[in-house]
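> Only the shape, not the letters, is given here:
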């Protein structure tokens with residue numbers, strides 16, 4: 001019996017590792033993580049069922065292709081986690097780079113081997129957006145998109161220098177394409193080619209839509225809309241079964257939404273949940289179900305009055321750790337916590353600050369340590385460093401930025417001093433208090 005129990009415990013531990021591995025790397029390729037892929041492959045049947053039941057996410061494990069794809073979906077696209085350029089200062093992708101990324105995927109879907117020159121020619125001949133290889137900025141965007149695909153393990157480069165194409169339009173290299181991985185990149189519930197949208201916002205809404213939960217916020221599908229005010233069908237038939245089906249869709253949406261946020265977001269604040277999600281979480285069965293799912297994923301669930309926090313003791317489920325050493329931005333973000341959370345023993349107060357206030361605090365810090373953070377010691381350095389720290393805290397769900405800097409389309413170019421707009425206000429969330437100096441036990445998250 002002890003051996004049997006030990007076997008169950010070992011299996012459960014390995015499954016939790018596989019869950020967190022996929023959360024941290026939704027496109028998991030064996031070349032990048034052979035041990036992680038082996039664990040996922042061993043438990044693929046259990047994992048497929050677990051992710052479907054827990055989150056409503058589909059998991060594909062392609063053994064011959066040596067990759068696994070967890071198609072994460074969310075009704076809340078995260079603007080704080082953009083794709084980033086792998087060259088230079090690792091700035092966020094702009095609209096042009098995303099456009100070229102999509103067009104490259106479409107072009108490579110039918111090729112296994114191609115060259116940079118042929119790809120550039122195909123994009124130049126395309127009707128949508130064109131591509132001008134005579135412009136260095138275009139070649140740089142093209143290479144950034146290709147390097148992103150390489151980082152995902154979708155393509156490999158041989159027989160040339162891909163970065164050399166930026167400075168020389170005659171540069172070339174072979175591009176080896178894994179078409180199976182290309183076809184698995186997209187995660188929406190419906191194909192983008194079937195979306196009819198006149199604005200970007202409408203297109204995003206349609207890409208994020210999941211028909212399984214119904215067409216409206218109440219969770220009804222088209223069939224549920226054929227009811228009159230008396231609860232009768234259009235022919236006067238009772239629709240109790242339709243009501244029950246609608247109730248089940250709403251519960252399933254609330255359950256999946258909570259699990260997605262707990263597994264994929266650093267913190268879940270109750271004031272960010274809708275009524276159905278709060279009701280499900282308030283029920284004893286709902287809270288017990290969520291605790292069990294967190295335990296199966298190997299997370300330590302912290303429950304507070306303000307919300308929930310799923311802590312991964314091994315740091316496997318994320319690609320972004322905080323706090324963390326060897327990072328100026330993360331060190332400054334931790335220092336700025338005390339600007340946003342104040343108080344002495346017995347109380348903690350969350351204080352809104354403008355980005356200008358935080359930039360001034362960083363300027364004082366840099367002035368006190370002139371030999372530290374040399375990249376930010378220039379005139380616009382404090383503003384750039386404060387902005388980077390605030391963006392980090394926002395990506396972790398620890399602060400919310402309101403005002404001009406909250407709309408990406410209104411922001412100046414990232415990495416410039418003007419990006420830390422004076423009119424923006426940084427509002428701390430309760431979970432930030434756990435990082436304050438001498439946090440109070442049991443107070444806030």
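It's in. Predicted model, so just to flag it, every value in this text is computed and none were measured. Numbering: from 1, shown residues only.
> Check which residues of the lengthiest helix in the chain are buried.
Longest helix in the chain, counting residues (DSSP state H): helix 240-264. Neighbour counts over helix 240-264 (16 or more other Cβ atoms under 10 Å) mark 242, 245-246, 249-264 as buried. (Each C-beta comes from the backbone N, C-alpha and C, glycine too.)
> can you pull the contacts of the closest residue to residue 373 other than its chain neighbours?
Using Cβ to Cβ, 6 or more residues apart in numbering and skipping residues adjacent in sequence, the residue nearest residue 373 is residue 328, 4.8 Å away. By Cβ atoms under 8 Å, 6 or more residues apart in numbering, the contact list for residue 328 reads 372, 373, 375, 376, 385.
> Give me the buried subset of these.
373, 376, 385.
> Dump these to a markdown table, plus pLDDT, distance to residue 48 and secondary structure.
Formatted as a markdown table, those follow (pLDDT from 0 to 100; distance: Cβ to Cβ, whole Å; DSSP: H, G, I helix; E, B strand; the rest coil):
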| residue | pLDDT | distance to residue 48 | secondary structure |
| --- | --- | --- | --- |
| 373 | 88 | 46 | coil |
| 376 | 90 | 46 | helix |
| 385 | 93 | 44 | helix |
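> Could you export those residues as CSV, including distance to residue 134?
Putting the buried ones among the contacts of residue 328 into CSV (distance: Cβ to Cβ, whole Å) gives the following:
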residue, distance to residue 134
373, 39
376, 35
385, 36
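> now, which of those residues sits nearest residue 210?
Taking Cβ to Cβ as the measure, residue 210 sits nearest to residue 385 out of the buried ones among the contacts of residue 328, at 39.2 Å.
> which residues touch the closest one?
328, 329, 332, 362, 366, 373, 376.
> Just give the nearest non-adjacent residue to it, would you?
residue 376 (4.3 Å).
> quick one on the thing from earlier: so what does whichever helix or strand comes after the longest helix of the chain touch, helix or strand wise?
Beyond helix 240-264 in the direction of the C-terminus, DSSP states H and E gives the next helix or strand as strand 268-269. Applying 3 or more Cβ pairs under 8 Å, 6 or more residues apart in numbering; DSSP states H and E, one finds that strand 268-269 contacts helix 240-264, strand 307-311.
> Just want the angle from the first one to strand 307-311.
With axes from the mean of the first three to the mean of the last three Cα atoms, to 10 degrees applied, the angle from helix 240-264 to strand 307-311 works out at 50 degrees.
> Which neighbouring elements make contact with helix 240-264?
Using 3+ Cβ pairs under 8 Å, 6+ apart, helix 240-264 sits against helix 44-55, strand 268-269, helix 275-282, helix 284-296, strand 307-311.
> distance between it and the chain's centre?
Put simply, helix 240-264 sits 22 Å off its chain's centre (Cα atoms, centre = their mean, to the nearest Å).
> can you check the last one too?
Mean C-alpha position of strand 307-311 versus that of the full chain (Cα atoms, centre = their mean) differs by 17 Å.
> which one of the buried ones among the contacts of residue 328 is nearest residue 160?
Set against residue 160, the nearest of the buried ones among the contacts of residue 328 by Cβ to Cβ is residue 376 (36.1 Å).
> Just confirm that closest one contacts residue 386, I think it does.
No. Using Cβ atoms under 8 Å, residue 376 makes no contact with residue 386, being 9.3 Å away.
> show me where this structure has strands.
Listed in chain order, the strands of the chain (DSSP state E) span 27-29, 58-62, 67-71, 113-115, 155-158, 174-177, 268-269, 300-303, 307-311, 341-342, 349-350, 353-354, 399-402, 425-428.
> will you turn the ones you listed into CSV that also has distance to residue 381?
Converted to CSV, these look like this (distance: least, Cβ to Cβ, whole Å):
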stretch, distance to residue 381
strand 27-29, 36
strand 58-62, 44
strand 67-71, 39
strand 113-115, 42
strand 155-158, 35
strand 174-177, 38
strand 268-269, 32
strand 300-303, 36
strand 307-311, 33
strand 341-342, 25
strand 349-350, 27
strand 353-354, 18
strand 399-402, 20
strand 425-428, 19
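> quick one, helices of the stretch 101-250 of the chain?
116-125, 136-151, 164-167, 179-183, 200-208, 240-264 (DSSP state H, counting those that start in this stretch).
> re earlier: so which of the helices and strands packed on helix 240-264 is nearest residue 164?
Among these, helix 44-55 sits nearest to residue 164 (Cβ to Cβ), with 40.5 Å.
> Can you list the helices and strands that the closest one packs against?
Using 3+ Cβ pairs under 8 Å, 6+ apart: helix 44-55 touches helix 2-24, strand 58-62, helix 240-264.
> Tell me where the model's unsure across the stretch 251-400 of the chain.
344-346 (pLDDT under 70).
> 80 instead, please
266, 319, 343-348 (pLDDT under 80).
> Report the contact partners of the residue nearest to residue 385.
328, 362, 366, 382, 384, 385.
> And residue 301, by the same measure?
Per Cβ under 8 Å, 6+ apart, neighbours of residue 301: 262, 290, 291, 294, 295, 308, 309, 310, 311.
> Let me have these in CSV, adding distance to residue 301 as columns.
Listed next are the contacts of residue 301 as CSV, based on distance: Cβ to Cβ, whole Å:
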residue, distance to residue 301
262, 8
290, 8
291, 6
294, 4
295, 7
308, 7
309, 7
310, 6
311, 8
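> And the buried ones among those residues, selectable in PyMOL?
In PyMOL, this line selects whichever of the contacts of residue 301 come out buried by 16+ other Cβ under 10 Å:
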select buried, resi 262+290+294+308+309+310
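> that older thread, out of the contacts of residue 328, who's nearest residue 213?
residue 385 (41.8 Å).
> The closest one and residue 327: what is the separation?
Residue 385 sits 12 Å away from residue 327, going by Cβ to Cβ, to the nearest Å.
> can you check residue 248 too?
According to Cβ to Cβ, residue 248 and residue 327 sit 46 Å apart.
> what's the domain layout of the chain?
What automatic domain parsing lists as the domains of the chain is 2-71, 76-209, 218-224+244-314, 328-435.
> quick one on the thing from earlier: for residue 204, find the nearest of the strands of the chain.
strand 67-71 (16.8 Å).
> could you say what helices and strands the closest one packs with?
Using 3+ Cβ pairs under 8 Å, 6+ apart, strand 67-71 sits against helix 2-24, strand 27-29, helix 34-42, strand 58-62, helix 179-183.
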